[in-house]
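# next one to model:
(chains A and B)
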Amino acid sequence: GQQVQQSPASLVLQEGENAELQCNFSTSLNSMQWFYQRPGGSLVSLFYNPSGTKQSGRLTSTTVIKERRSSLHISSSQTTDSGTYLCAMERSGGNYKPTFGKGTSLVVHP
Amino acid sequence: EAAVTQSPRSKVAVTGGKVTLSCHQTNNHDYMYWYRQDTGHGLRLIHYSYVADSTEKGDIPDGYKASRPSQENFSLILELASLSQTAVYFCASSDGISNERLFFGHGTKLSVL
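Down below sits the predicted model:
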């Protein structure tokens, strides 16, 4: 089954609203990352966050290993935040082959 | 900043033809990966390698071969391209041990007709 579940699958916001994106994992994980992808674009790493909370500007990532989940919080959304957000996990005892979720498609309207 | 370069950026191939996608990294990373991206499926791992001259199967290896002739280069080979292999292909590299961050290339859009 799907080892990485992302929710919601899609999200529409008005500029200025906050967003909370979730990743849940079905196996024990060693590390995880959050990526941002523009339509038709490459992937840019937002956070490498094996555990705990990390913040970068308006973005905050929180990973709770024992609960097998990670979240990405976007505060005061902007139209330039539109795109797809993907999380990837590395399984415990794995051979460093990250597994991705299906992504959350975010649209922020002005 | 770490650099991963893919070529070509896009390609149109005929069904049954051979396709080779190339990836070059200047990060001095041991791990390299090939993923494909399809709408509704996210990224799925095709093949990966953690040392030159050796490759490993990922989650969806059928119909694909991989080659890692050097630490810097990693190729994905479609011996007999099929319509179902139309997708965007991403190459990535990672240190894999001390730092597992993934660095991606810009992707190759492959259309098989």
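
# how far is the helix or strand of chain B with the lowest mean pLDDT from where the chain is centred?
Least confident element among the helices and strands of chain B, by mean pLDDT, DSSP states H and E: strand B:102-104 (a mean of 90). On the basis of C-alpha atoms, centre = their mean, to the nearest Å, strand B:102-104 sits 12 Å off its chain's mean C-alpha point.

# how about the residues of chain A that lie near chain B?
A:6, A:30-31, A:33, A:35, A:41-45, A:48, A:86, A:88, A:90, A:95-103 (C-beta under 8 Å from any C-beta of the partner chain). Placement of C-beta: from N, CA and C, glycine included.

# mind listing which of the residues you listed are in strands?
A:6, A:30-31, A:33, A:35, A:43-45, A:48, A:86, A:88, A:90, A:99-100 (DSSP state E).

# point out where the chain drops to low pLDDT.
Reading this off chain A. Low-confidence segments of chain A (pLDDT under 70): A:1-2, A:92-95.

# um, chain B though
For chain B (pLDDT under 70), the answer is B:1-2, B:96-100.

# and the helices in it?
For chain B, no helices are identified by DSSP state H.

# and the residue nearest the centre of it?
Most central in chain B under C-alpha atoms, centre = their mean is B:Trp34, positioned 2.8 Å from the mean C-alpha point.

# residues in contact with that residue?
B:21, B:23, B:45-48, B:58, B:64, B:66, B:74, B:76, B:89-91 (C-beta atoms under 8 Å, 6 or more residues apart in numbering or on different chains).

# same question for A:Tyr85.
A:6, A:21, A:34-37, A:46, A:72, A:103-104, A:106.
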